[in-house]
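Enquirer: structure for this input, please:
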Amino acid sequence: MSRRDEIKLSPGEQRELLEQERIVVVSSFGPRGWPHSMPLWYVVRDGAIWIYTYAKSQKTRNLERDPRATLLLETGHAYFELRGMEIEAEAEIHRDLDDVYEVARELTLRYGDGAEIGADAAEALRAQARKRVAIRFVAKRVATWDHRKLGGAY
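Expert: Residues are numbered from 1 along each chain as shown. Okay, the predicted model is just below:
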């Protein structure tokens, strides 16, 4: 077995990492062809990463022009602690108000205090959703690593 194979995350470990981490860095192609990388909050729905952003944001415009994106999640400080995933994906931009609202609601629950959303907050989210989009990233290739599996041998 190769060293590369030794440090791969299993499907269960990938799910755990997605559930534990709070920020994904999404890189798209900017208008001049350079990478445009942004850290974002996300939710996982049916195994796919979803974000919520302004419809007129640079990342949305980039993904409208070219749906290819690379997503990065990583944790750890020292080399022997590093664990992460790089996902090559195609973006699907969702503009339906109900879809956008639902992703906003899930993000609010995930990153908020865990309390259910009241009627006033729900109405505020629905109003915000009119200017936003939900973006689903469909994974095409995934690379993973967990340097903790090296047991201190580098």
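Enquirer: going forward, measure contacts and count neighbours with C-alpha atoms only.
Expert: OK.
Enquirer: per-residue pLDDT of residue 32, please?
Expert: For residue 32, the model assigns a pLDDT of 95.
Enquirer: confirm that it sits in a strand.
Expert: No: assigned with DSSP: H, G, I helix; E, B strand; the rest coil, residue 32 falls outside any strand and is coil.
Enquirer: OK, contacts around the closest residue to residue 35 other than its chain neighbours?
Expert: Spatial nearest neighbour of residue 35, excluding adjacent residues (Cα to Cα, 6 or more residues apart in numbering): residue 29 at 4.8 Å. Shown in contact with residue 29 (Cα atoms under 8 Å, 6 or more residues apart in numbering): 35-36, 62-63, 66, 68-69.
Enquirer: again with residue 99
Expert: residue 134 are the contacts of residue 99 under Cα under 8 Å, 6+ apart.
Enquirer: what are the buried residues along the helix or strand where it lies?
Expert: For residue 99, the enclosing helix or strand under DSSP states H and E is helix 97-111. By 16 or more other Cα atoms under 10 Å, the buried positions in helix 97-111 come out as 97, 100-108, 110.
Enquirer: got these as a markdown table, with distance to residue 58 and pLDDT columns?
Expert: Formatted as a markdown table, the buried residues of helix 97-111 follow (distance: Cα to Cα, whole Å; pLDDT from 0 to 100):
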| residue | distance to residue 58 | pLDDT |
| --- | --- | --- |
| 97 | 20 | 97 |
| 100 | 18 | 97 |
| 101 | 21 | 97 |
| 102 | 22 | 96 |
| 103 | 19 | 97 |
| 104 | 19 | 95 |
| 105 | 23 | 94 |
| 106 | 23 | 94 |
| 107 | 20 | 94 |
| 108 | 22 | 93 |
| 110 | 25 | 94 |
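Enquirer: nearest to residue 57 among those?
Expert: Minimum distance to residue 57 across those is 15.0 Å, recorded for residue 100 (Cα to Cα).
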